[in-house]
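[1] kindly return the folded structure for what I paste below:
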Amino acid sequence: MDSEPPFEEAYKSLLVMEENSKEVKLMSNVVEEECQLPVIDLSPLHGSSEAEKEECKREIVRASVEWGFFQAVNHGISQEVLKRMRREQVKLFRQPFKKKTGIGSGGKVSGVPGGSYLWGTPTATCLKQFSWTEAFHIPLADVSKSVNTNTTLSLTIKEFVTKASSLAQIIAEILAENLGLKSSFFRESCCFNTCYLRMNRYPPCPLPFTVFGLMPHTDTNFLTILHQDEVGGLQLVKDGRWVTVKPNPEALIINIGDLFQAWSSDVYKSVKHRAMSNRWLERFSVAYFFCPSYDTIIQSNREPAVYRKFSFREYRQQVQEDVRTTGNKIGLPRFLL
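    Have a look, this model is predicted:
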């Protein structure tokens with residue numbers, strides 16, 4: 001199909017170079033057990049008794065400390081919106097590849113900002129650094145500028161991110177209050193225009209267990225709110241082992257990012273995770289990244305401090321530099337005291 005990114009053509013030398021390597025063969029033998037993330041009903045946060053509300057908050061804190069991940073149900077984003085988001089996402093990725101990239105005379109995809117389309121891993125020097133994925137990564141500051149038509153796509157994006165932004169603020173404030181810190185920090189530093197939306201598609205891959213859908217990483221933000229389909233493929237590290245997350249299309253997956261780990265002095269954990277590729281099935285997901293402004297200063301707020309102070313801009317630039325020069329994200333260890 002002319003909508004498919006030319007992975008095998010563009011990365012032919014990389015695939016040929018490592019197709020018989022020992023490392024690739026070892027990767028193909030790895031089998032992870034399936035796990036059920038903590039499932040938290042968020043409905044008590046809205047109108048229940050004070051006791052039920054406090055118990056819900058404790059569950060959120062417990063999961064953020066012990067797992068760094070949890071699933072949320074009754075989260076405030078309707079199934080109708082999530083299903084519409086998926087339909088629009090599928091139609092978006094079915095656009096011709098040249099149109100998605102804006103290359104050639106086919107024009108550009110309407111409804112999303114120019115330059116937001118990504119695919120593959122340009123910096124990869126070996127298969128373990130490569131991701132078999134395509135995505136639209138959209139700064140929400142551009143939503144009001146570029147996503148300004150009354151198309152179903154633009155209206156659905158706006159509805160989804162508005163709900164996700166509200167939910168992220170609620171979760172962040174609960175986690176801050178547990179630390180005895182001011183929850184107003186997030187209202188002041190993480191506004192709509194500083195956050196991001198990423199629509200992901202993982203095409204069928206002829207080399208499953210050899211090439212990642214998305215290579216192992218931690219998220220460079222405070223919180224991520226993810227909705228995935230029923231195909232599955234998300235894996236995370238728990239107790240030193242990779243485990244597979246059982247998909248639940250009715251739930252949202254919420255995970256801690258690097259900034260919250262630094263801000264909490266390691267109370268909350270930003271856990272390494274990845275997406276596995278699938279030989280036969282494509283997979284879709286959409287993620288909302290809860291981020292501060294670039295000038296926001298992140299510092300450990302509990303003693304003893306674990307990390308030195310840094311701005312979000314400095315952190316992002318260091319991550320990008322490490323990926324460019326080494327092929328890997330180093331992240332928080334760069335900022336240890």
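[2] okay, the residue of the chain most remote from its centre and Glu173: tell me how far apart.
    For the chain, the C-alpha farthest from the mean C-alpha position belongs to Ser49; by Cα atoms, centre = their mean, that distance is 32.9 Å. Distance from Ser49 to Glu173, counting by Cβ to Cβ, to the nearest Å: 20 Å. Where C-beta positions appear, they are placed from N, C-alpha and C, glycine not excepted.
[3] so where's the stretch 1-150 of the chain uncertain?
    1, 17-32, 104-108, 110, 144-150 (pLDDT under 70).
[4] so which residues of it form strands?
    34-35, 39-41, 69-73, 117-119, 134-139 (DSSP state E, counting those that start in this stretch).
[5] okay, those in JSON lines with distance to Asp295 next?
    Shown next, in JSON lines, are those (distance: least, Cβ to Cβ, whole Å):
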{"stretch": "strand 34-35", "distance to Asp295": "38"}
{"stretch": "strand 39-41", "distance to Asp295": "33"}
{"stretch": "strand 69-73", "distance to Asp295": "29"}
{"stretch": "strand 117-119", "distance to Asp295": "25"}
{"stretch": "strand 134-139", "distance to Asp295": "16"}
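[6] export the ones you listed as TSV, with columns for mean neighbour count and distance to Ser270.
    As requested, these are arranged in TSV below (neighbours: other Cβ atoms under 10 Å; distance: least, Cβ to Cβ, whole Å):
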stretch	mean neighbour count	distance to Ser270
strand 34-35	13	18
strand 39-41	17	19
strand 69-73	20	10
strand 117-119	21	22
strand 134-139	20	19
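[7] select, out of those strands, the one closest to Gln169.
    strand 69-73 (13.9 Å; Cβ to Cβ).
[8] so Phe310 touches Ile297, yeah?
    Yes. Between Phe310 and Ile297 a contact is recorded at 7.4 Å, counting by Cβ atoms under 8 Å.
[9] what's across from the most centrally placed residue in the chain in the sheet?
    The chain has Ala287 as the residue nearest its centroid, 5.0 Å off, counting by Cα atoms, centre = their mean. Note on Ala287: beta-bridge partners by DSSP bridges are Arg198, Leu226.
[10] give the contact list for it.
    Applying Cβ atoms under 8 Å, 6 or more residues apart in numbering, we find Ala287 in contact with Leu197, Arg198, Asn200, Thr224, Ile225, Leu226, His227.
[11] right, and the second one touches Ala135 too?
    Yes. Using Cβ under 8 Å, Arg198 makes contact with Ala135 at a distance of 5.5 Å.
[12] which stretches of the stretch 51-200 of the chain form helices?
    Under the criterion DSSP state H, counting those that start in this stretch, the stretch 51-200 of the chain contains helices at 79-93, 97-101, 143-146, 152-178, 184-189.
[13] Leu252: what's it in contact with?
    Gln71, Ala72, His75, Ile77, Leu167, Ile225, Leu226, His227.
[14] need phi/psi at it.
    Reported as degrees, to the nearest 10, the phi and psi values for Leu252 are phi -100, psi 140.
[15] do the same with the one 5 residues further on
    Phi and psi for Gly257, reported as degrees, to the nearest 10, are phi -110, psi 180.
[16] what's around it, how many residues?
    22 (other Cβ atoms under 10 Å).
[17] and it, how far from Glu303?
    In terms of Cβ to Cβ, Gly257 sits 22 Å off from Glu303.
[18] do the same with Lys100
    49 Å.
[19] same check, this time on Ile60
    Distance from Ile60 to Glu303, by Cβ to Cβ: 24 Å.
[20] so these two - more neighbours on which side?
    More neighbours surround Ile60 than the other of Ile60 and Glu303, with 22 against 7 (other Cβ under 10 Å).
[21] cool, thanks, talk later.
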